[in-house]
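Visitor: Sequence below, structure please.
(chains A and B)
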Amino acid sequence: MSTSPGIVPPYLLARIAAVQEENWARAADAAHRTLAAPREYRPVRSRLRLSIQEPGTLVAEATPAPDREISDAKHREVLPGTRVRGEDDPATGDASVDEAFDGLGATYDFWWDSYARDSIDGSGSSLLATVHYGRDYDNAFWNGERMVFGDGDDEVFRGFTRSLSVIAHELAHGVIEDEGGLLYRGQSGALNESIADVFGALAEQHRDGQTADEATWLIGEGIFTDAVQGVALRSLKAPGTAYDDDVLGKDPQPAHMRDYVETRDDNGGVHINSGIPNHAFYLTAKALGGHAWERAGLIWYRTLTSGTLPSTADFTTFARATLAAAAAEYGEESEEVAAVRAGWTGVGVIPDDREAES
Amino acid sequence: MTEKPSPDPTASSAGPPAVEVDVARTGGIAGMTRRWSAQPPEAEASEWITLIDRCPWSEAGSAADEDPGDEVAATPPRPATRRREPMPDGFVWFIRATWSGTGPLEAELPDDEVVGAWRELVDAVRDWSRQSADPGRPGH
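Guide: Residues are numbered from 1 along each chain as shown, chains lettered A, B, ... in the order given. Just a heads-up that it's a prediction; the model follows:
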């Protein structure tokens, strides 16, 4: 019905584009480019973001916006369920629906602000989620096209949508798949899991404006009931320490190759051995300091999106690919390359000897 | 034969289990493996064997086919396997049934295939396991 592709009306963009003041140059340019962009019948969402970049300089940018849709499975195990909230709808009052909606928004902002990635496929694909899946369902997963969240059983888990790192973890599985995927078994599966954890943690740090030092580096903080002795599902900072419970046992994640777990469960321990690459990322981010999504995260993102990462990559292949990505981005002799190398040697994936790895 | 036997003293007398069904739910975003087991006595055996017989064991990927040694990432999935690519964070179920005189039946199933007869069997094992659980132990 609307002839405008976005929420910023063309007349407003035209006014901004016409402004002659020097301080508004960037905004005018952005508005001009937005107006010049070809209009499609497919509605592409965008939004106007205003910010003060330098004292006295107002920057207006038209940026893409998320297109979220939340459905309710009403405690059945049937997808997608009933659509209950779209992008333009107000909060529903159902905590799971609204947490999923807000979490997808924060995750979208993370990908766009950090890496200029417009949604899962980079082209503004819709963000689909289903909540209230099954009865006492103790899981959240990515089914290839949508995020699916159970409510938990109230004995171990009290719902999954309350944790942004969980929501962002699921969405990251979609990004990984879109970039060619990593076979969900053994080491490539553990890399798939680890990358989902890395971007899950980074989305949370980005929302909270935390540096590597300030962050908790936990995945799924707050989803356990009070009866469970544990703080979260996993810790990138200290794999193996997230929980230690009478019934659930102890967090089984290793932080080093010497403790790699061989198992038939969990597709060959994809959620267990992910502790190793998780910790390599943490060590890299900690060494570089500041906002982890800016340098360490960018290196991992470039590695994932290089187009050359095989879907069967093992830890060593991935580690070498992160080194190559860091060198391409920052230079061979950069502190970033040194930090990445130290990260992987710290977990025993790359030998602690520069000569040995060329 | 398939009638549920009425409770009688001989049924509850402890003997070696006639049937044993073990269920493991692995994976999920938490990566936690939960296990349940049912070891019903002789008197309940026929009821359990009926539940077991209704499950399409021959159509399920067998856990025994999986050699944990060939998880090398460079090995592509063998074309002979019927298995789909696993869903990220999806549960993977292992179900094993044994009874006197019969070798174990084994199945490995993705979560969305645990429906129908499989679901009935899994629910029966979880109920049995819950009822016989140590009351001091919370949860499952």
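Visitor: all contacts plus neighbour counts: C-alpha atoms, from now on.
Guide: Noted.
Visitor: What are the boundaries of the helices in chain A?
Guide: According to DSSP state H, chain A carries its helices in the segments A:10-18, A:25-36, A:95-115, A:164-178, A:186-208, A:265-269, A:275-288, A:296-304, A:315-330, A:335-346.
Visitor: In JSON lines: those helices, plus mean neighbour count.
Guide: Formatted as JSON lines, the helices of chain A follow (neighbours: other CA atoms under 10 Å in any protein chain shown):
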{"stretch": "helix A:10-18", "mean neighbour count": "16"}
{"stretch": "helix A:25-36", "mean neighbour count": "19"}
{"stretch": "helix A:95-115", "mean neighbour count": "21"}
{"stretch": "helix A:164-178", "mean neighbour count": "26"}
{"stretch": "helix A:186-208", "mean neighbour count": "26"}
{"stretch": "helix A:265-269", "mean neighbour count": "25"}
{"stretch": "helix A:275-288", "mean neighbour count": "26"}
{"stretch": "helix A:296-304", "mean neighbour count": "22"}
{"stretch": "helix A:315-330", "mean neighbour count": "20"}
{"stretch": "helix A:335-346", "mean neighbour count": "22"}
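Visitor: hey, which helix or strand in the chain has the poorest pLDDT?
Guide: With no chain named, the answer covers chain A. helix A:10-18 (a mean of 66; mean pLDDT, DSSP states H and E).
Visitor: Wait, chain B was what I had in mind.
Guide: Lowest mean confidence among the helices and strands of chain B (mean pLDDT, DSSP H and E): helix B:9-12, at a mean of 42.
Visitor: right, and the helix or strand after that one?
Guide: strand B:19-27 (DSSP states H and E).
Visitor: That next one near chain A anywhere?
Guide: Yes: for strand B:19-27, a contact with chain A is found by CA under 8 Å from any CA of the partner chain, at B:26-27.
Visitor: Need the helices of chain A in JSON lines (columns: distance to A:Asp353).
Guide: What follows is the helices of chain A, written out as JSON lines (distance: least, CA to CA, whole Å):
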{"stretch": "helix A:10-18", "distance to A:Asp353": "56"}
{"stretch": "helix A:25-36", "distance to A:Asp353": "48"}
{"stretch": "helix A:95-115", "distance to A:Asp353": "32"}
{"stretch": "helix A:164-178", "distance to A:Asp353": "31"}
{"stretch": "helix A:186-208", "distance to A:Asp353": "23"}
{"stretch": "helix A:265-269", "distance to A:Asp353": "29"}
{"stretch": "helix A:275-288", "distance to A:Asp353": "16"}
{"stretch": "helix A:296-304", "distance to A:Asp353": "22"}
{"stretch": "helix A:315-330", "distance to A:Asp353": "14"}
{"stretch": "helix A:335-346", "distance to A:Asp353": "9"}
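Visitor: Show me the one of these that comes nearest A:Asn139.
Guide: For A:Asn139, the closest of the helices of chain A is helix A:164-178, at 10.3 Å, according to CA to CA.
Visitor: show me where pLDDT drops low in the chain?
Guide: No chain in the question, so chain A it is. Low-confidence segments of chain A (pLDDT under 70): A:1-22, A:24, A:28, A:31-43, A:354-358.
Visitor: that's the wrong chain, I wanted chain B
Guide: B:1-17, B:62-83, B:101, B:134-140.
Visitor: residues near the closest residue to chain A within it, how many?
Guide: Of the residues in chain B, the one nearest chain A is B:Gly27, at a distance of 4.0 Å by CA to the nearest CA. Applying other CA atoms under 10 Å in any protein chain shown, we find 25 residues neighbouring B:Gly27.
Visitor: for the closest residue to it other than its chain neighbours, what are its contacts?
Guide: Nearest residue to B:Gly27, sequence neighbours excluded (CA to CA, 6 or more residues apart in numbering or on different chains): A:Asp266, at 4.0 Å. Going by CA atoms under 8 Å, 6 or more residues apart in numbering or on different chains, A:Asp266 touches B:26-28, B:31, B:33, B:91-92.
Visitor: most neighbours, which of those residues?
Guide: Busiest of the contacts of A:Asp266 [other CA under 10 Å] is B:Phe91, holding 29 neighbours.
Visitor: where's the residue in the stretch 251-358 of chain A positioned nearest to chain B relative to A:Ile350, distance?
Guide: Nearest residue of the stretch 251-358 of chain A to chain B: A:Asp266, at 4.0 Å (CA to the nearest CA). Applying CA to CA, to the nearest Å, the value for A:Asp266 to A:Ile350 is 25 Å.
Visitor: on that earlier part again, quick one: the residue of chain B closest to chain A and B:Met87 touch, right?
Guide: No: judged on CA atoms under 8 Å, B:Gly27 makes no contact with B:Met87 at a distance of 10.2 Å.
Visitor: Pairing partners for the closest residue to chain B within the stretch 1-150 of chain A in the sheet, please.
Guide: In the stretch 1-150 of chain A, no residue comes nearer to chain B than A:Phe141, which is 4.8 Å away by CA to the nearest CA. Assessed by DSSP bridges, A:Phe141 has beta-bridge partners A:Val148.
Visitor: All set now, cheers.
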